[in-house]
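Engineer: give the three-dimensional model of this entry:
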Amino acid sequence: MIIRIRTKLIFSISILILVLLSISAILLTKEKKAELSYDMYFKNMAFSRLVSESIINNYENYLKEDNFLFFNREINNLFAQNLDLTQIQIASYSGEILYDSLLDLEKKYNGFPRLLSDDLLLQIRSKKISLKNNLDQVFFLSINERNEFEYFDYDDNLVFPQNDTFFAEFFTVPVFDKYSVIFHFDYEKLEERLNHLIIRIAILTAFGVLLGIFLSFILASHFNKPVSKLLKANEKIAGGDYDTRVEIKTRDELSLLALSFNKMARDLKESLDARVYQEKMGREIELAGQIQNQLIPKKIPHITGLDISAKILPADQIGGDMYDFLPSFDENHLFYLGDVTGHGIPAGLLSSISSALFYGFSKIPDLKEILIRVNEVFHAKTMSNMFMTLCLLKFNELTNSLSFVSAGHEQVIKYNSSSNSTILMPSGGVALGMTRDISKLLKEQNMALLNGDFVIIYSDGIPECWNEKRELYGMQRLLSVIQANSNASTALEMQEAILKDVSFFANGYKQMDDITIIVVKKI
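Structural biologist: Numbering: from 1, shown residues only. The predicted model follows:
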């Protein structure tokens, strides 16, 4: 009789645990699939919106001019950035396919016109971003006043799509009112992650069944009532009620089990809350870092008479330092290096804003006027405790002169090859965003450059670098390194010498601030 009861108990507990874990697994898998597809949908949509203009610019600058090699390289970089991306097409508003990444692999297509199907023409000619999901449904996207996405059908009627919308097979993004870029995606990575999750759940389920069998042998004589309580509590936990608690007063191991169960419920609730928050923040920080990396120049433009090298070493995943080379006008070439207070997300946001502002004001010929306009925006739109030091420079090819305006930034360093001396240029100005009117505080300074001269612009992460002895790197050591490497043949060689010395000084100590440097050599 005892054996029969144990057998029934083993069978019952095993089946119950198996059913509970299976239901939990199904619910978890379904929720995880929806969560992953939702994340992939918005990631891919943001990616499509972010890179579409760049693709068209590359098409007009390279492919349209029969420079397929450079265009194909930029397209391949996009595929490397997004592993879900399978195909990119460029189409005109007339419906002609101008480029297809699956077909145009080696050269530009020059055959008979390739036309899109009729059902795609409305999407191509729409001014809204559109998508087609795995159910062949087409939606047009728009952002309302609350900065929320709204979905419309072909007749411009507002619709409320189901979750299947987030399995988007492709996005169509209009650009410049004459092109559309079509991004195709697949969900193989989603299925792989779900398969791994199912395997882990299966292993956990098997472990749970074995544990139930073992416990039923040990506790068969007095297990019925306490187990009933535990099973009911377990059902509530599986249903998402993590505030469930169990009270068992048998004064034996079952009491300890009840206490452990209650602790597990509390820890599980805290762990899940923390994990959800951490994953959410991690995804947002990762996306912000990717966006900021897109703002950093991928290559330095060629400027006659100068050899330039630049590099940024952020202290966190998102940094507050920024440098950029602005569009040139006449014989003038503008570039800058800026340092936002602190680092992390707030600093990254401000540096991203500055990138757009300087790009927008780059056609203004006067350096001081550019900084005055940027400061007006900073002062009006940013917090009072957020500001940015910056050095804005302009090189004129005809006069071989380099002029700059400092907005409270670190002193520019110049090495004079004729006198074999290294000097600190006068500082000046005030950080952007600190005060409303900085027009009287700015001063433009000029430097005549001779062959072999170096100019070094840097952020305070270099002189304020710490080592394990809590010592600062300092300006004197920086000047000494520049003087010692004054025979460097290239700007890159000088840059590497400086960063190598800073790294040697830090000796593995945690980097406390972003490090950014631009080295200019007159050739």
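
Engineer: any low-confidence regions in this structure?
Structural biologist: Within the chain, the ranges that satisfy pLDDT under 70 run 1-10, 163-166, 217-224, 227, 250-252, 274, 276-278, 281-282, 284-293, 342-343.

Engineer: can I see the domain layout of it?
Structural biologist: The chain breaks down by automatic domain parsing into domains covering 28-189, 223-295, 297-522.

Engineer: wait, which of these is closest to residue 210?
Structural biologist: With C-beta to C-beta as the criterion, residue 210 lies closest to domain 223-295 of the domains of the chain, at 16.5 Å. For the C-beta atoms, the positions are set from N, CA and C on the backbone; glycine is no exception.

Engineer: could I get the domains of the chain as JSON lines with mean neighbour count and distance to residue 12?
Structural biologist: Converted to JSON lines, those look like this (neighbours: other C-beta atoms under 10 Å; distance: least, C-beta to C-beta, whole Å):
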{"stretch": "domain 28-189", "mean neighbour count": "16", "distance to residue 12": "24"}
{"stretch": "domain 223-295", "mean neighbour count": "14", "distance to residue 12": "9"}
{"stretch": "domain 297-522", "mean neighbour count": "18", "distance to residue 12": "51"}
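
Engineer: so residue 140 touches residue 126, yeah?
Structural biologist: Yes - between residue 140 and residue 126 there is a contact at 5.8 Å, judged by C-beta atoms under 8 Å.

Engineer: ranges for the strands of the stretch 151-300 of the chain?
Structural biologist: Ranges of strands in the stretch 151-300 of the chain, per DSSP state E, counting those that start in this stretch, are 158-159, 168-175, 179-185.

Engineer: using a markdown table, lay out these together with distance to residue 418.
Structural biologist: Formatted as a markdown table, the strands of the stretch 151-300 of the chain follow (distance: least, C-beta to C-beta, whole Å):
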| stretch | distance to residue 418 |
| --- | --- |
| strand 158-159 | 71 |
| strand 168-175 | 51 |
| strand 179-185 | 53 |
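
Engineer: for residue 414, which of these is the nearest?
Structural biologist: In terms of C-beta to C-beta, the element of the strands of the stretch 151-300 of the chain nearest to residue 414 is strand 168-175, at 43.3 Å.

Engineer: other residues contacting that closest one?
Structural biologist: For strand 168-175, the surrounding residues in contact (C-beta atoms under 8 Å, 6 or more residues apart in numbering) are 41, 44-45, 48-49, 52-53, 55-56, 87, 120, 123-124, 126-134, 180-185.

Engineer: change it to 6 Å
Structural biologist: 41, 45, 48, 52-53, 56, 123, 127, 129-134, 180-184 (C-beta atoms under 6 Å, 6 or more residues apart in numbering).

Engineer: any idea of the angle the biggest helix by length in the chain forms with strand 168-175?
Structural biologist: For the chain, the helix reaching the highest residue count under DSSP state H is reported as helix 2-61. Computed with axes from the mean of the first three to the mean of the last three C-alpha atoms, to 10 degrees, the direction of helix 2-61 lies at 20 degrees from that of strand 168-175.

Engineer: so the helix or strand just after helix 2-61 versus strand 179-185, what angle?
Structural biologist: Next helix or strand after helix 2-61 toward the C-terminus (DSSP states H and E): helix 68-81. Put simply, helix 68-81 runs at 40 degrees to strand 179-185, going by the same axes, to 10 degrees.

Engineer: so how far is helix 68-81 off the chain centroid?
Structural biologist: How far helix 68-81 lies from its chain's middle: 19 Å, per C-alpha atoms, centre = their mean, to the nearest Å.

Engineer: could you do stretch 452-471 as well?
Structural biologist: Centroid separation between stretch 452-471 and its chain, computed with C-alpha atoms, centre = their mean, is 27 Å.

Engineer: when you give positions from now on, start the count at 693
Structural biologist: Noted, 693 is the first residue going forward, which turns the last one into stretch 1144-1163.

Engineer: mind checking the end-to-end distance for it?
Structural biologist: Terminal residues of stretch 1144-1163 lie 33 Å apart, using C-alpha to C-alpha, to the nearest Å.

Engineer: next one: stretch 837-853
Structural biologist: Note: stretch 837-853 ends 20 Å apart using C-alpha to C-alpha.

Engineer: and for it, what are the contacting residues?
Structural biologist: Contacts of stretch 837-853 (C-beta under 6 Å, 6+ apart): 831-834, 836.

Engineer: make it 10 Å
Structural biologist: By C-beta atoms under 10 Å, 6 or more residues apart in numbering, the surrounding residues in contact with stretch 837-853 are 734, 737, 811, 814-815, 818, 820-823, 825, 827, 829-836, 857.
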